[in-house]
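Chemist: how would this look folded up:
(one chain, ligands or ions: 1)
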Amino acid sequence: MKIITDKKELQAFTKSTTKSIGFVPTMGALHEGHISLIKKARGENEIVIVSIFVNPTQFLAGEDFAKYPKKDEADKKICTLAGVDILFMPDINMIYGSDEVTIKAPNVRGFVLDGFKRPTHFDGVLQIVLKLFNLVRPTNAYFGRKDAQQVILIKQMVENLFLPINIVDCPLIRDLNGLALSSRNAYLSDSEKKEALKISASLQNATKLIVGGNMNIDEIKNVMFATLDGIKIEYIEVVSLELKQLKKVELKNTIILVAVQIGTTRLIDNLWI
Ligand code: PAF
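Modeler: Next up is the predicted model:
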(Lines give C-alpha, C1' and ligand atoms only; values in the text may rest on other atoms or scores of the structure.)
Protein backbone atom coordinates (compact mmCIF):
# COMPACT_ATOMS: atom_id res chain seq x y z
CA MET A 1 0.00 0.00 0.00
CA LYS A 2 1.21 3.46 -0.90
CA ILE A 3 0.59 6.38 1.46
CA ILE A 4 0.19 9.71 -0.33
CA THR A 5 -0.03 13.06 1.44
CA ASP A 6 0.43 15.31 -1.60
CA LYS A 7 -2.66 16.08 -3.68
CA LYS A 8 -0.56 16.61 -6.84
CA GLU A 9 0.94 13.15 -6.52
CA LEU A 10 -2.52 11.65 -6.08
CA GLN A 11 -3.87 13.61 -9.05
CA ALA A 12 -0.96 12.58 -11.25
CA PHE A 13 -1.76 8.94 -10.50
CA THR A 14 -5.53 9.16 -10.90
CA LYS A 15 -5.22 11.12 -14.15
CA SER A 16 -2.83 8.59 -15.63
CA THR A 17 -4.72 5.38 -14.85
CA THR A 18 -7.47 3.88 -16.96
CA LYS A 19 -8.29 1.30 -14.28
CA SER A 20 -11.53 1.41 -12.29
CA ILE A 21 -11.11 3.18 -8.95
CA GLY A 22 -13.15 2.39 -5.84
CA PHE A 23 -13.01 5.20 -3.27
CA VAL A 24 -13.78 5.12 0.44
CA PRO A 25 -13.56 8.57 2.05
CA THR A 26 -13.20 8.49 5.85
CA MET A 27 -12.22 10.61 8.81
CA GLY A 28 -10.10 7.77 10.24
CA ALA A 29 -10.43 5.84 13.51
CA LEU A 30 -11.46 2.99 11.24
CA HIS A 31 -13.80 0.25 12.45
CA GLU A 32 -15.63 -2.76 10.97
CA GLY A 33 -18.07 -0.41 9.25
CA HIS A 34 -15.25 1.19 7.25
CA ILE A 35 -13.67 -2.22 6.64
CA SER A 36 -16.92 -3.47 5.11
CA LEU A 37 -16.87 -0.50 2.68
CA ILE A 38 -13.23 -1.16 1.77
CA LYS A 39 -13.94 -4.87 1.20
CA LYS A 40 -16.84 -4.04 -1.10
CA ALA A 41 -14.67 -1.54 -2.97
CA ARG A 42 -11.90 -4.17 -3.22
CA GLY A 43 -14.30 -6.69 -4.76
CA GLU A 44 -15.66 -4.28 -7.37
CA ASN A 45 -12.68 -2.22 -8.58
CA GLU A 46 -9.15 -2.61 -9.90
CA ILE A 47 -7.73 0.12 -7.64
CA VAL A 48 -8.92 0.98 -4.11
CA ILE A 49 -8.21 4.39 -2.63
CA VAL A 50 -9.08 5.34 0.97
CA SER A 51 -8.77 8.87 2.32
CA ILE A 52 -8.35 9.85 5.96
CA PHE A 53 -9.05 13.51 6.61
CA VAL A 54 -10.85 14.99 9.59
CA ASN A 55 -12.71 17.70 7.74
CA PRO A 56 -13.03 20.92 9.76
CA THR A 57 -15.78 22.48 7.63
CA GLN A 58 -18.36 19.86 8.60
CA PHE A 59 -18.02 20.50 12.34
CA LEU A 60 -19.98 23.31 13.95
CA ALA A 61 -18.45 25.56 16.59
CA GLY A 62 -18.38 23.70 19.91
CA GLU A 63 -18.47 20.23 18.28
CA ASP A 64 -15.78 17.58 18.66
CA PHE A 65 -13.41 18.56 15.81
CA ALA A 66 -10.41 19.08 18.13
CA LYS A 67 -10.92 15.81 19.99
CA TYR A 68 -12.06 13.63 17.08
CA PRO A 69 -10.38 10.22 17.60
CA LYS A 70 -7.08 9.85 15.71
CA LYS A 71 -5.58 6.40 15.17
CA ASP A 72 -3.26 6.86 12.22
CA GLU A 73 -0.95 3.91 12.85
CA ALA A 74 -3.78 1.43 13.49
CA ASP A 75 -5.63 2.82 10.44
CA LYS A 76 -2.60 2.26 8.20
CA LYS A 77 -2.42 -1.37 9.34
CA ILE A 78 -6.14 -1.90 8.78
CA CYS A 79 -5.90 -0.46 5.26
CA THR A 80 -2.88 -2.61 4.41
CA LEU A 81 -4.64 -5.75 5.62
CA ALA A 82 -7.84 -4.84 3.78
CA GLY A 83 -5.96 -4.61 0.47
CA VAL A 84 -6.06 -0.83 -0.05
CA ASP A 85 -3.76 0.35 -2.87
CA ILE A 86 -3.49 4.02 -1.94
CA LEU A 87 -4.14 5.70 1.40
CA PHE A 88 -4.50 9.46 0.99
CA MET A 89 -3.74 11.37 4.20
CA PRO A 90 -3.50 15.06 3.36
CA ASP A 91 -3.00 17.78 5.92
CA ILE A 92 -5.40 20.66 6.15
CA ASN A 93 -3.31 23.14 4.09
CA MET A 94 -3.25 20.64 1.25
CA ILE A 95 -7.06 20.77 1.10
CA TYR A 96 -8.22 24.26 2.08
CA GLY A 97 -7.10 27.78 1.20
CA SER A 98 -8.10 30.99 2.93
CA ASP A 99 -10.94 32.35 0.75
CA GLU A 100 -12.71 29.46 -0.86
CA VAL A 101 -15.52 28.82 -3.30
CA THR A 102 -18.05 26.88 -1.25
CA ILE A 103 -20.89 24.52 -1.98
CA LYS A 104 -24.31 24.63 -0.35
CA ALA A 105 -26.45 21.68 0.67
CA PRO A 106 -29.97 21.84 -0.80
CA ASN A 107 -32.23 24.23 1.10
CA VAL A 108 -34.78 21.64 2.17
CA ARG A 109 -33.13 18.23 2.30
CA GLY A 110 -29.89 19.69 3.63
CA PHE A 111 -31.63 21.41 6.53
CA VAL A 112 -33.97 18.76 7.94
CA LEU A 113 -33.05 16.01 10.44
CA ASP A 114 -29.28 16.28 11.14
CA GLY A 115 -29.14 19.37 8.94
CA PHE A 116 -31.68 21.06 11.23
CA LYS A 117 -29.72 20.14 14.36
CA ARG A 118 -26.37 20.85 12.71
CA PRO A 119 -27.01 23.65 10.17
CA THR A 120 -24.16 23.98 7.60
CA HIS A 121 -22.84 20.50 8.51
CA PHE A 122 -23.82 19.14 5.11
CA ASP A 123 -22.35 22.16 3.29
CA GLY A 124 -19.01 21.06 4.75
CA VAL A 125 -19.58 17.38 3.94
CA LEU A 126 -20.45 18.11 0.30
CA GLN A 127 -17.53 20.52 -0.03
CA ILE A 128 -14.94 17.97 1.11
CA VAL A 129 -16.51 15.06 -0.75
CA LEU A 130 -16.52 17.08 -3.99
CA LYS A 131 -12.88 18.09 -3.48
CA LEU A 132 -11.91 14.47 -2.82
CA PHE A 133 -13.92 13.24 -5.81
CA ASN A 134 -12.03 15.72 -8.02
CA LEU A 135 -8.68 14.46 -6.77
CA VAL A 136 -9.52 10.74 -6.79
CA ARG A 137 -11.80 10.65 -9.91
CA PRO A 138 -13.41 7.44 -8.64
CA THR A 139 -15.50 5.07 -10.72
CA ASN A 140 -17.41 4.01 -7.59
CA ALA A 141 -17.53 5.70 -4.17
CA TYR A 142 -18.69 3.86 -1.06
CA PHE A 143 -20.67 5.30 1.87
CA GLY A 144 -22.41 3.66 4.83
CA ARG A 145 -26.16 3.86 5.33
CA LYS A 146 -25.44 4.74 8.96
CA ASP A 147 -25.14 8.34 7.73
CA ALA A 148 -28.36 8.07 5.77
CA GLN A 149 -28.87 11.76 5.07
CA GLN A 150 -25.22 12.13 4.06
CA VAL A 151 -25.36 9.41 1.42
CA ILE A 152 -28.68 10.69 0.07
CA LEU A 153 -27.28 14.23 -0.27
CA ILE A 154 -24.08 12.97 -1.89
CA LYS A 155 -26.18 11.06 -4.44
CA GLN A 156 -28.10 14.28 -5.09
CA MET A 157 -24.86 16.26 -5.52
CA VAL A 158 -23.57 13.72 -8.04
CA GLU A 159 -26.84 13.99 -9.95
CA ASN A 160 -27.15 17.79 -9.77
CA LEU A 161 -23.51 18.44 -10.73
CA PHE A 162 -23.41 15.69 -13.41
CA LEU A 163 -20.45 13.91 -11.80
CA PRO A 164 -19.55 10.65 -13.55
CA ILE A 165 -19.38 8.66 -10.31
CA ASN A 166 -21.45 5.75 -9.07
CA ILE A 167 -22.39 6.14 -5.40
CA VAL A 168 -22.75 2.82 -3.59
CA ASP A 169 -24.64 2.87 -0.29
CA CYS A 170 -23.65 0.02 2.00
CA PRO A 171 -25.33 -1.59 5.02
CA LEU A 172 -24.95 -0.16 8.51
CA ILE A 173 -22.73 -2.43 10.64
CA ARG A 174 -23.48 -3.15 14.33
CA ASP A 175 -21.42 -4.64 17.13
CA LEU A 176 -22.50 -7.95 18.68
CA ASN A 177 -24.81 -6.10 21.09
CA GLY A 178 -26.52 -4.16 18.34
CA LEU A 179 -24.80 -0.79 18.77
CA ALA A 180 -24.28 0.88 15.39
CA LEU A 181 -20.53 1.20 14.77
CA SER A 182 -19.20 4.75 14.84
CA SER A 183 -15.80 6.28 15.51
CA ARG A 184 -17.59 8.38 18.15
CA ASN A 185 -18.45 5.24 20.19
CA ALA A 186 -14.88 5.64 21.52
CA TYR A 187 -16.18 8.55 23.64
CA LEU A 188 -18.66 6.32 25.53
CA SER A 189 -18.00 4.95 29.02
CA ASP A 190 -19.07 1.34 29.74
CA SER A 191 -22.31 2.48 31.36
CA GLU A 192 -23.03 4.87 28.48
CA LYS A 193 -22.44 2.03 26.01
CA LYS A 194 -25.05 -0.02 27.87
CA GLU A 195 -27.49 2.90 27.81
CA ALA A 196 -26.82 3.33 24.07
CA LEU A 197 -28.17 -0.18 23.38
CA LYS A 198 -31.63 1.29 23.84
CA ILE A 199 -31.15 2.97 20.45
CA SER A 200 -30.98 -0.25 18.43
CA ALA A 201 -33.62 -1.75 20.75
CA SER A 202 -35.96 1.09 19.76
CA LEU A 203 -35.43 0.28 16.08
CA GLN A 204 -35.96 -3.44 16.76
CA ASN A 205 -39.26 -2.63 18.46
CA ALA A 206 -40.24 -0.50 15.47
CA THR A 207 -39.36 -3.45 13.19
CA LYS A 208 -41.58 -5.78 15.25
CA LEU A 209 -44.56 -3.48 14.72
CA ILE A 210 -43.91 -3.20 10.99
CA VAL A 211 -43.39 -6.96 10.58
CA GLY A 212 -46.71 -7.38 12.41
CA GLY A 213 -48.33 -5.18 9.75
CA ASN A 214 -48.53 -1.90 11.69
CA MET A 215 -47.47 0.92 9.33
CA ASN A 216 -48.75 3.71 11.58
CA ILE A 217 -45.96 6.20 12.08
CA ASP A 218 -47.33 7.72 15.32
CA GLU A 219 -47.53 4.27 16.90
CA ILE A 220 -44.03 3.38 15.70
CA LYS A 221 -42.63 6.62 17.11
CA ASN A 222 -44.45 6.09 20.43
CA VAL A 223 -42.89 2.65 20.85
CA MET A 224 -39.48 4.11 20.08
CA PHE A 225 -39.89 7.02 22.51
CA ALA A 226 -40.92 4.51 25.21
CA THR A 227 -37.88 2.28 24.51
CA LEU A 228 -35.59 5.30 24.72
CA ASP A 229 -36.99 6.31 28.11
CA GLY A 230 -34.36 8.20 30.14
CA ILE A 231 -32.28 9.17 27.09
CA LYS A 232 -32.05 12.71 25.70
CA ILE A 233 -33.69 12.34 22.30
CA GLU A 234 -32.90 14.85 19.55
CA TYR A 235 -35.30 13.41 17.05
CA ILE A 236 -37.12 10.30 15.88
CA GLU A 237 -38.31 10.70 12.30
CA VAL A 238 -39.79 8.48 9.64
CA VAL A 239 -39.08 9.74 6.12
CA SER A 240 -38.99 8.61 2.51
CA LEU A 241 -35.77 8.02 0.55
CA GLU A 242 -36.23 11.64 -0.59
CA LEU A 243 -36.24 12.70 3.09
CA LYS A 244 -39.91 13.72 2.93
CA GLN A 245 -42.19 13.15 5.93
CA LEU A 246 -44.38 10.09 5.41
CA LYS A 247 -47.94 9.47 6.57
CA LYS A 248 -47.51 5.68 6.61
CA VAL A 249 -44.52 3.35 6.33
CA GLU A 250 -43.94 2.47 2.67
CA LEU A 251 -41.97 -0.68 2.00
CA LYS A 252 -38.65 0.02 0.20
CA ASN A 253 -39.21 3.77 0.59
CA THR A 254 -38.86 4.42 4.33
CA ILE A 255 -36.03 5.31 6.66
CA ILE A 256 -36.59 5.51 10.40
CA LEU A 257 -33.95 7.78 11.91
CA VAL A 258 -33.04 8.44 15.49
CA ALA A 259 -30.56 10.89 17.01
CA VAL A 260 -29.82 11.03 20.72
CA GLN A 261 -27.34 12.43 23.15
CA ILE A 262 -25.71 10.09 25.65
CA GLY A 263 -23.60 12.09 28.09
CA THR A 264 -21.75 14.48 25.80
CA THR A 265 -21.81 12.11 22.82
CA ARG A 266 -24.26 12.51 19.96
CA LEU A 267 -25.26 9.20 18.38
CA ILE A 268 -27.38 8.46 15.31
CA ASP A 269 -28.88 5.23 14.06
CA ASN A 270 -31.45 4.23 11.47
CA LEU A 271 -33.35 1.52 9.74
CA TRP A 272 -34.06 1.35 6.00
CA ILE A 273 -37.36 -0.43 5.36
O1 PAF B 1 -18.71 9.99 6.84
C2 PAF B 1 -17.61 10.53 7.05
O3 PAF B 1 -16.70 9.96 7.65
C4 PAF B 1 -17.39 11.95 6.55
O5 PAF B 1 -18.54 12.71 6.67
C6 PAF B 1 -16.81 12.02 5.14
C7 PAF B 1 -17.78 11.46 4.11
C8 PAF B 1 -15.50 11.25 5.07
C9 PAF B 1 -16.54 13.47 4.76
O10 PAF B 1 -15.63 14.07 5.63
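Chemist: mind listing what the nearest residue to Met94 once chain neighbours are set aside touches?
Modeler: Leaving aside its sequence neighbours, Met94 sits nearest to Lys7 (Cβ to Cβ, 6 or more residues apart in numbering; 5.3 Å). Where you see a C-beta, it was placed from the backbone N, CA and C, and this is true even at glycine. Applying Cβ atoms under 8 Å, 6 or more residues apart in numbering to Lys7 gives the contacts 90, 94-95, 135.
Chemist: for the buried ones among the residues you listed, write the corresponding PyMOL selection.
Modeler: Command for PyMOL, covering only those of the contacts of Lys7 found buried under the criterion 16 or more other Cβ atoms under 10 Å:
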select buried, resi 90+95+135
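Chemist: just the contacts of Lys7 now: which is nearest the ligand?
Modeler: Set against the ligand, the nearest of these by Cβ to the nearest ligand atom is Ile95 (10.4 Å).
Chemist: residues contacting that closest one?
Modeler: By Cβ under 8 Å, 6+ apart, the neighbours of Ile95 are 7, 53, 55, 128, 131.
Chemist: which parts of this protein sit against the ligand?
Modeler: 25-27, 55, 58, 125, 128-129, 147, 150 (Cβ under 6 Å from any ligand atom).
Chemist: kindly recompute the last result at 8 Å.
Modeler: 25-27, 51, 53-55, 58, 124-125, 128-129, 132, 143-144, 147, 150, 154, 183 (Cβ under 8 Å from any ligand atom).
Chemist: coming back round to it: the residue nearest to Met94 and Tyr96, how far apart?
Modeler: As for Lys7, its distance to Tyr96 is 11 Å (criterion: Cβ to Cβ, to the nearest Å).
Chemist: again, but for Thr102
Modeler: Distance, Thr102 to Tyr96, by Cβ to Cβ: 11 Å.
Chemist: of these two, give the one with the bigger neighbour count.
Modeler: For Thr102 and Tyr96, the more surrounded residue by other Cβ atoms under 10 Å is Tyr96, and the numbers stand at 14 against 10.
Chemist: name the helix or strand of the protein that has the lowest mean pLDDT.
Modeler: Every helix and strand in the chain was compared by mean pLDDT, DSSP states H and E; the lowest is helix 114-117, with a mean of 96.
Chemist: show me what the helix or strand just after it is packed against.
Modeler: Sequence order places helix 121-136 as the next helix or strand after helix 114-117, per DSSP states H and E. On a contact count with 3 or more Cβ pairs under 8 Å, 6 or more residues apart in numbering; DSSP states H and E, helix 121-136 meets helix 7-16, strand 21-26, strand 47-52, strand 86-88, helix 114-117, helix 148-160.
Chemist: switch the cut-off to 7 Å
Modeler: Here helix 121-136 touches helix 7-16, strand 21-26, helix 114-117, helix 148-160, going by 3 or more Cβ pairs under 7 Å, 6 or more residues apart in numbering; DSSP states H and E.
Chemist: the longest helix in this protein is where?
Modeler: If you go by DSSP state H, the chain has its longest helix at helix 190-211.
Chemist: got the contact list for that one?
Modeler: 174, 177-180, 188, 219-220, 223-224, 227-228, 231, 249, 256, 258, 260, 262-263, 265, 267, 269, 271, 273 (Cβ atoms under 7 Å, 6 or more residues apart in numbering).
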